[in-house]
Structure formats: C-alpha cells, structure tokens
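Asks: Model the following, please.
(chains A and B)
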Amino acid sequence: MKAARFEHHEPTSVSKAVSLLESLDEPTILSGGQSLIPMLRFRLARPDTVVDINGIDELDYLHEEDGYLKIGALARHADVAESDVIAERYGSFADTAPLVADPQIRNRGTIVGSVAQADPKGDWGSVLIAHDGEVVATGPDGERTIPIDELFLLPYDTSLGESELITEARVPVPIEREGSAYHKLKRKTGDYAMAGVAARLIFDEDGRIENAGIGMTAVDITNARASDAEELLEGSRPSADLFGEAGELAAEQSNPESDEHGDASYKERMVEVLTQRALGDAAERAGVIKRRVSP
Amino acid sequence: MSSETGDVPVAETEYQHDDDGGPDPEKHHGHGRGGMGEEVKRKEDKRFITGRGNYVDDIKKPGMLHCEIVRSPHAHARIENIDTSRAMDVDGVVAVLTAEDLAAHDLATMPTLMDDTQDVLVNEKVKFQSQEVAAVIATDRYVAKDGAEKVEVDYDVLDPVVTARDALEADAPLIRDELEDQEDNHIFDWDVGDKEATDKVFDEADVTVSEQMEYQRLHPAPIETCGCVADWDPGKDKITVHLTSQAPHAHRTLFSMVSGIPEHKVRIVSPDIGGGFGNKVPIYPGYVVAAAASVVLEQPVKWMEERSENIQTTGFARDYDMTGELAATEDGIIKGVRTDVLANHGAYNAVAQPSKFPAGFFNIFTGSYDIEAAYGSLTAAFTNTAPGGVAYRCSFRVTEAVYLIERMVKVLAQELDMDPAEIRRKNFIQKEQFPYQSPTGWNYDSGDYEKALDKALEMADYDHYREEQARRIDEDADKLIGIGISSFTEVVGAGPGKQCDIAGIEMFDSADIRVNPTGNAVLRVGVQTQGQGHETTFAQIVAEELGMDVDNITVEHGDTDTDPYGLGTYGSRSTPVAGAATAVAARKVRDKAKSIAANELEAAEEDIEWDRESGEFHVAGAPDRSITITEIAASAYMNHPGAEEPGLEAVNYYDPPEMTYPFGSYIVIVEIDRETGEVDFEKFVAVDDCGNRINPMVIEGQIHGGLAQGIGTAMMEHVTYDENGNCTGGDFMNYLLPTANEIPNFETGYTVTPSPHHPIGAKGVGESPTVGSPPAIVNAVVDAMAHAGITHVEMPMTPDRVWESLNEAGLALDPRQNVNFEFEGGASEEPADD
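Replies: Modelled structure (predicted):
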C-alpha cells in the first residue's frame, strides 16, 4: 500500500477525538479500516489527517441496556458473530455478522464504521432499518441520536455533522413474538452483496403482523426501506402469498444497477426472493409459524 | 543430448506400477530413503511457513531506488505532451523517464515473444488502458508514487475497440498504425487439419451439433505480483537482476538481446517466487525500465507492481471466442470435429507460447477421442486491451482445446439423448492404439482413458446421482442436480526441439549433480520452482537413482551464474524435461560410481551390480561384498581409480523425444438453486494419470490447487472491459478469486500409465486440473437444465447467468411456489397455505 502522506492521530477518549475533529482540517476517522484502507491504497481517499479511534476503549462494547442493544463504535463484526446475546435473540444480526467480508476483515471491521461509511452495499444499514434502529452521534455539543432513516443521504454521505463521530448504533431489544433475519446473495466470501434483505416482524396475540421492518442492501443509492411491503404486511396474517406479494413490492421499490456481478433485472428478482426468505425466517423465529418446504 | 546419444532412451521399469490401480508404496517404494513414490514432506515448506522465504520484494540493497510507472487512463489516445517538471520538483524524486529518454539508450521498444515490438514506454500512441507512459525513480516507493501523480500528460483521446469481433469490422479504428503494411487490426489466420475431408464427413453425417462458446479473458493472478531489483555494477560492467521469473535463463538471453549487455555480464536471479501460473514468463516494460534506470543512475532500482497493475497490464490468459461442431453417427460415433476461433491478442502480439504453431497447442482439440477428420481455423486480432495470451496453468492453449472438445461431447450426448459417460467410452482412443497419431499431427505417448473414467464413475457414485437427478426432476424439487464429466488429455513437456523454441533456443532442460566427499549432493536444475515443490521431488529422483537419502540432496535453481541453462517452468514441463535430465544425470553418476565400486571391491566392473532396494553396489553373487554411495563418494575424492578423473558429478541436457500426455476423468456434481441460480458443489471427483508418480502428496497438492483455479475459471473470474476500454475487472473487488470457503471437498484418485519415452516413466501433472475441470463444471451446470433444453452456459457462470438459463428453460422458481406455512400454537384458525 502506497498511501499519500497523512498525519495520524490516536486519541484515547471520545472527548479527545471530538476536539481533534473540531480542530483538524477535514479529518478522516479510522476505525476498522475495512473501507478506508483500500481507499487510501488507491489514493481515492487522500486525507491530510486521520483520527484513529481504535485506542478509545470506552467505545468497545456490545450489550443490552435501557431497552436497547447497544453497539459501541469499536465492536467488531467478529464480536457480533461470537456473542451469545446476539445468537439468542437477534436473528438478523446473527445472520449478518458471518456474511460480512471475510474472516480477517471481520476481526477488524466495525458495525458502526460500516454504517458511517454509508456504502449502499453495506449490510448493517439494512439491519438497522429493519429494526428501526438509530445511531448516537457525539460532537462538540454533546450527544444526539439520529434515526437510521435520517442518516443515509447519498452513497458515502450521511447527515452526520462535520465534527461529529458515531459512537454507537442501537436497536430496541426484541419483544415477545418478534423475529428477524438477513439474507444476502454474494458470489464469494469477501464479496459485497449483489442484493441483501433484512426483515423484522412483530406479531400480535392473534398471529397478525403488528409491525414489519424491511431493509435492502445494494439495490439503491443507499440502504433502503421497503416501505410499501411493510405497509402491506402490517395487519395481515403471514402466508406464502402475502410474503410473495411483499417480495414483489420490495422489488418494485428497489433500484438496482447492472454491473459485473449481475444484471439489474436479476437483482430485482433476487430482492423478491430474498424478501420472501427473510420474512419466512423472521416469522418462524418469532415462533408464529413453521415453514414447510415442498416436496 | 540423451535422446541422440541413446544412453537413456526408455523408462526403466523397476518402479513401474501395478496395472490395476497404481503404485503400491509397500511393494514398490519401501526403500525408505525418500525415493520415487514416497510422500516426502516438502523441503521448501520450512522456510515458507516460518516466514523465512525470500521474495523479490524482500530484497533490499544499499542505496536502492524505487520505480513507479505512470499509466494511461485511456485505452486509445495520442500523447501530445508529457511535462515532468512538477514531478521532478517532488522531494526525493531522482529521475523521470519517458520514451525519449529510453530511445537515447536504444531501449524505447522491446520484442515480444511473438516477434512483435512493444513500446517500453509509450512512444506516440497509447494502445490499452494502463499502458506504461513514464516512470518515476525516487528514494522510496511513496515518493515515487507522489511523483508519478505529478507527471502531466496531454492525451488526444481516440475511439477504442475492445473485442476481436469489433476490431475486425471494416470501419474499426486502426490500432497499430505505426506498423508498415498494417491496414487493419488483423494479426494472422491459421488453420490445421484436412478441411475437405472434414467438410465431407459433416456433409454425410447422421447428426451434427454446433455451439458457440467464449473462453473468457482470465488473469493468472499469482499472489506475488511481478517485479524486479536491477543492480548495475559499474566496476564489473555487469547487471544483476532479481526477477519474478519462471524462466531465468531464457530471460537472461532476452535481457542481453534487448539491452545489448553481453550475456555473460547479465545475471538473473529468481529468488522465491510467489506463484507464476504463466504470468511470469513474459518480459514486462517495468523490468526494462528498472534495468535502464539502474544503468543510468548506477544505483539499484526496484520495481514492484501493485495488484491492479498486475491484473490490468501483465499477461492475461485465454480470450478465445470459439465455435465447435461435431459430426456423428446416430449411435454416437464421432466422425468429425470442426472449430473456428476468434482470438483477442490485445494491443500487441505478445502471446507467451514457445511452440512453432501460431495458436500453440490448440490443435490438440480432438482430445481423448479417435476422430476420423478434424479441421480448425483461427483468426487473431489486435484490440485496445492489455497484451498477453499466457499459458495460465496450462500448456499453450490446450485449456481452450480441452474446453471445446469436452463441451462439444456433452452437447452431442444431449442431442442424441445418450449418457455422456457412454458416448465418451464409445469414442475413446483405445489403450492398444498408443502411440496414437492424431489427425492434427500429435503423437500421443500412452493412455488408458476408459480405466480412468471407470474409476471416476465409481468414486462419484454416478448411477446414484443419475437416479437422484431424475427424482428431483419428477418431483419438481427446488434444487436441481447436474452431473458433469470431462475426460481430458493434456499435452505437456515442451518440448522437442522440432516443435518448440524460445528465440530459437530449443526447449531442452538440464541437470547438474555434484556429489560431495561426505556423500551428500547438490542438484542444480535449469527449471524454476514457483510452488511446484522441485526442491523435494527432484531430490527424490536423485535419491531413487543413486540410493541416497533424500535429506542428503539439496536442489538449487534460479541463479543463472551457477545453474545450468534451462528454459524454465511452465506448461508442466519440469518433470517431463528437467526431471528426465535429472534421472539421466543421476544414472551417469551411477555409472561412474560403479567403476569406483569395482575398484574398492576389487572386482571387475561388469561384475558389479546396483541394488535399487538397498541402494548399494555389490559384487554379483556376493551381496555381502557391498559398498554404499557415501563410501563411493569418499573414494571418488580420496582414492579414485586410475582410469577415472577424481570427483563424482554429471551434467545432462535433455531434449525430449516427444511431449507427454497426462490425462484424467473428472466428475462434478452440482446442485442448483432454482430461486437464485446459485450453484453448490455436491461432489467433486478427480482421477488423474500422470504416469509414474514421484511424490503422491505433492501431486495431490497440485491437483487441489488446480481444481480451485478451475472453479475460479468456471464460476467467477473474468477480466472485463467496458466499451471505452476501461478495465472493469482489474482488482480483487471485481476480479473474483475463490477462497477456501468456495472450494468443495475434492476426492482424488489416480491410475498409472507410464510414459514409454520418459526416463522415469513420468508425465507432467500440475496443470491437468486447471485444464480438465472447467468443462466438467460447465457440463454439470448445463446437465442440470438439459432436460429443459439448455445446451450451454457461458463462463464465468455467475448466479445471474445461471438464473437466466433457468428462466429461459422455465425452471426458475419463486419461493411461494414451494413453501407452505403452518401456524404454531393455534393463534390462527386459517392455514396460510397457497
């Protein structure tokens, strides 16, 4: 790697990081380096200064607290993959973690870093959308929360303020009769998603869908919400046909582009397939239905 | 040369194998000294797995400068001006070179391996994206890159042409306008076989089939990219170049020819090489620039490619657009094969193939089958893409030939509704037909194709999977089963001087064995390992032939100052050629050892016998009167017979009489997801026959690696370009290579059919899996959809391509078609069934 010259800062607390962000000229934050390192290598990123947050121990956490699953900015993909709490109650997170990049990158890359990068091909943004999650941004004026739907603006562009740092991502702790899942289609380990769909379903006591969340990966300019499908699902009872229609609506709402890895029409069709699969898993994990594959 | 002097003509038979399934290590290889057939652990692995390898980029010399190449962002453009002044202002930049500077040293152009002339740095016109435009020499690699960014080049952008088909259109832009008499982008036409006889067979055939298929552009993608450290010594007027080279001696000759430095003043060293696969056969502009800079600046200069430079500019492979046709009787006897190829050679004709045939060994497209008539034609074209055409883990276009014939046999089987195993069996060249003269001029040495196929069918549980396949079709299951077969024949061991040369140098290879007074030995060879395990397997040949322990033999290679001249390692030629030279040289040593033994044992030389089992010499009829090679070595230096020179060493330069023809049958069973088009490998069986086997474990490793590359080829890899000539597959985010996660469990097997003309009966093997597996994989995917009329899927078989075929055949499935939901806990009275 032959990056252009940059200054490297390694703060040990959030407050120091924020003051560095405030004082430096157009600083770039380095957490796991999953995206930044390749960009430095290609010199697509040429920051004068890099604020490396890996030394901020207070950001290294992954736990449930105050009704949220809280993911600190230094929680790595591998931490999610290895967490018992995740394995027990967060189907979509457990599905996603082992599908991100490759094992080496999962040991280093962070969930928050992936979200902050706002790459439409990132997986975690879709999961946060499905869970109605939010991020905590810390800046010179203290903390504020940004709902996930208000975070992504454009590819690689967020509503984060100039001297702000995302210190945490969080989603509500699952309640009774809730289930979630993530399905991702990729060509190989380490490859980005051709398409991915995260789904979360909450059922009422009668077995009707009370709340549905669907986030889509790599099929629009940002991670995107399949709101038409969510609307269709809410208030209905799950069925193969209902999920099929939801898949169709999600596909209609997606806007994939053709590239080396797949044609746009194929990706749309895959949104339809993956939505059905994710909804089926989510419903099953909520303990409401059992799926039977025939024959 | 041995074949001429007649001292080594035929395979010795002592370690040949059982006829019914290969070697019995207990029975044949119990010497315990690490000779033929023993699973000796690789000697080279200690340094690699303990991090003590020494690759080109590990080499650091005092005062060493670094070279960064400025590359064109355009595929086709005239250079109007190059301004280097801002680059020279960068602190640490020592020099900026352009074509003009090189011209002053007569180094502006270099010959390709096909006698074309390539700009080292672009002279007037850029002909492919990322072509070398200027070079910055600086004190470290970061500064060199900073400097490269400051070189300002004005381009007049021209229309590019990217595919061979478009390049041959009448109104296509002329790429090579600097060549006199070049009025279009056509390079050459070539044909082979008897056109008239073949056309007649097709006219009269019961059945003919035809299929168009593309063997996509691939890159060998070794883990180590290309590079060098050039070090001109003005005191000795000598240049030493540490080079990522598969052929250091041939590169020394070429370096000398290009630079004008006499050959004895050029030393090429190939240190540890991190994979080559054909990518490190050609000479690249970066090498020439670094060498020129070192001579001018009188300082060592390192040039090391970045990954994307490697993929985008150095020797690609394949890129053949092929039409295949077969003519057959109703009962499946193949009477004729015809093929027509459009070959994309890129901006220069820089194909790296040393045969005397313009399309390499593509003319072996009759494969494993006894076909009456064959005719092939090929047209090669220039395009605005990187030059290349290296033999990526294969013998010079044999991969394309095998793909063509093995695909076509499957197409024919489908047309005739015959089992693809059965149709192969009907058409195989029979065991007793060897040596077999093919209709396109090849002389196959040995084979037993049916035996390998039978073994593979048994290992694959073929009949069971055929039943399972039918069951799934009957039940409209959501996953389909496909079974693919490839019964390939390779042609390796380049090669006989009559067929192969590099710059006129015939493709012999060499071995030099020196036995030391204390009984150990150094073997030097002219071939160059890049992971093949030569340091182990070549030592095993010596151990076998001299009765020495394998641990007492060191194998050296890669330094042109000390090793005997050889043509390098590619095309699976090391064992067929240098392995033969090693056996012959060892036998020469053994002959001399015999006369020393006679002297020591006080017997007549004709009464001395060598016992392969014990590795000792003894007096005939008196096994107690024996002497070991260690004792003989001491005597050679301390008590040599009067009639002999002191010392114990021998050299052999071996010109192979023929190529060797390894073969095998691979069976691949896939499961296809009808909803997504994803392909999973259910079973992967590979039965190989490479004649006598030196080290079964090394062979197994070679097969595994090659199969992984075959999977990459069939499923993922493709160097793609957009219509503007931008390389869109030029990094590992877009050029996908399989990882261990994508590789299934391989079940390997073997048969043993020795080569009759090779001194140890061995054939090459390293490339069989890359050559043989892609058609087996494609045949499997096609087979899964054959019942619905699919006859071909192009490589790489991405999920969307497979899904397109499923959709076209009416096999694509929507999840709701095969999923039902049942409610749990009685929350609802209604079933959510469809």
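Asks: any idea how far the closest residue to chain B within the stretch 1-150 of chain A is from residue A:194?
Replies: Taking C-beta to the nearest C-beta, chain B has its nearest neighbour within the stretch 1-150 of chain A at residue A:2, 4.5 Å off. C-beta here means a position set from N, CA and C on the backbone, and glycine is covered the same way. According to C-beta to C-beta, to the nearest Å, residue A:2 and residue A:194 sit 31 Å apart.
Asks: Have a look at these two and say which one is more surrounded.
Replies: Per other C-beta atoms under 10 Å in any protein chain shown, whichever of residue A:2 and residue A:194 has more neighbours is residue A:194, with 26 against 18.
Asks: For the stretch 101-250 of chain B, which residues are neighbours of chain A?
Replies: Residues of the stretch 101-250 of chain B lying near chain A by C-beta under 8 Å from any C-beta of the partner chain: B:141-142, B:144-146, B:149.
Asks: For those residues, give me a markdown table that also has secondary structure, neighbour count and pLDDT.
Replies: Formatted as a markdown table, those follow (DSSP: H, G, I helix; E, B strand; the rest coil; neighbours: other C-beta atoms under 10 Å in any protein chain shown; pLDDT from 0 to 100):
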| residue | secondary structure | neighbour count | pLDDT |
| --- | --- | --- | --- |
| B:141 | helix | 19 | 97 |
| B:142 | helix | 17 | 97 |
| B:144 | helix | 26 | 98 |
| B:145 | helix | 21 | 98 |
| B:146 | helix | 22 | 98 |
| B:149 | helix | 16 | 97 |
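Asks: Quick check: buried residues in stretch B:78-97?
Replies: Neighbour counts over stretch B:78-97 (16 or more other C-beta atoms under 10 Å in any protein chain shown) mark B:79, B:82, B:84, B:87, B:90, B:93-97 as buried.
Asks: Export those as JSON lines, with columns for distance to residue B:71.
Replies: JSON lines is the format used below for those (distance: C-beta to C-beta, whole Å):
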{"residue": "B:79", "distance to residue B:71": "12"}
{"residue": "B:82", "distance to residue B:71": "13"}
{"residue": "B:84", "distance to residue B:71": "15"}
{"residue": "B:87", "distance to residue B:71": "14"}
{"residue": "B:90", "distance to residue B:71": "18"}
{"residue": "B:93", "distance to residue B:71": "17"}
{"residue": "B:94", "distance to residue B:71": "20"}
{"residue": "B:95", "distance to residue B:71": "18"}
{"residue": "B:96", "distance to residue B:71": "14"}
{"residue": "B:97", "distance to residue B:71": "14"}
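Asks: any chance of those residues in TSV, plus pLDDT and distance to residue B:591?
Replies: Formatted as TSV, these follow (pLDDT from 0 to 100; distance: C-beta to C-beta, whole Å):
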residue	pLDDT	distance to residue B:591
B:79	98	63
B:82	98	63
B:84	98	63
B:87	98	63
B:90	98	64
B:93	98	61
B:94	98	57
B:95	98	56
B:96	98	59
B:97	98	54
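Asks: Which of those fall within strands?
Replies: Taking DSSP state E, the ones among the buried residues of stretch B:78-97 that sit in strands are B:79, B:82, B:93-97.
Asks: Who are the contact partners of residue B:286?
Replies: B:67, B:69, B:132, B:135, B:226-228, B:303, B:305 (C-beta atoms under 8 Å, 6 or more residues apart in numbering or on different chains).
Asks: Where does it sit: helix, strand or coil?
Replies: What DSSP: H, G, I helix; E, B strand; the rest coil gives for residue B:286 is helix.
Asks: How about residue B:784?
Replies: Going by three-state DSSP: residue B:784 is helix.
Asks: got it, and residue B:630?
Replies: helix.
Asks: what about it, distance to chain A?
Replies: 48 Å (C-beta to the nearest C-beta, to the nearest Å).
Asks: Quick check: closest non-adjacent residue to the residue in the stretch 51-200 of chain A positioned nearest to chain B.
Replies: Relative to chain B, the nearest point of the stretch 51-200 of chain A is residue A:189 (4.1 Å; C-beta to the nearest C-beta). Excluding its sequence neighbours, the residue lying closest to residue A:189 (C-beta to C-beta, 6 or more residues apart in numbering or on different chains) is residue B:741, at 4.1 Å.
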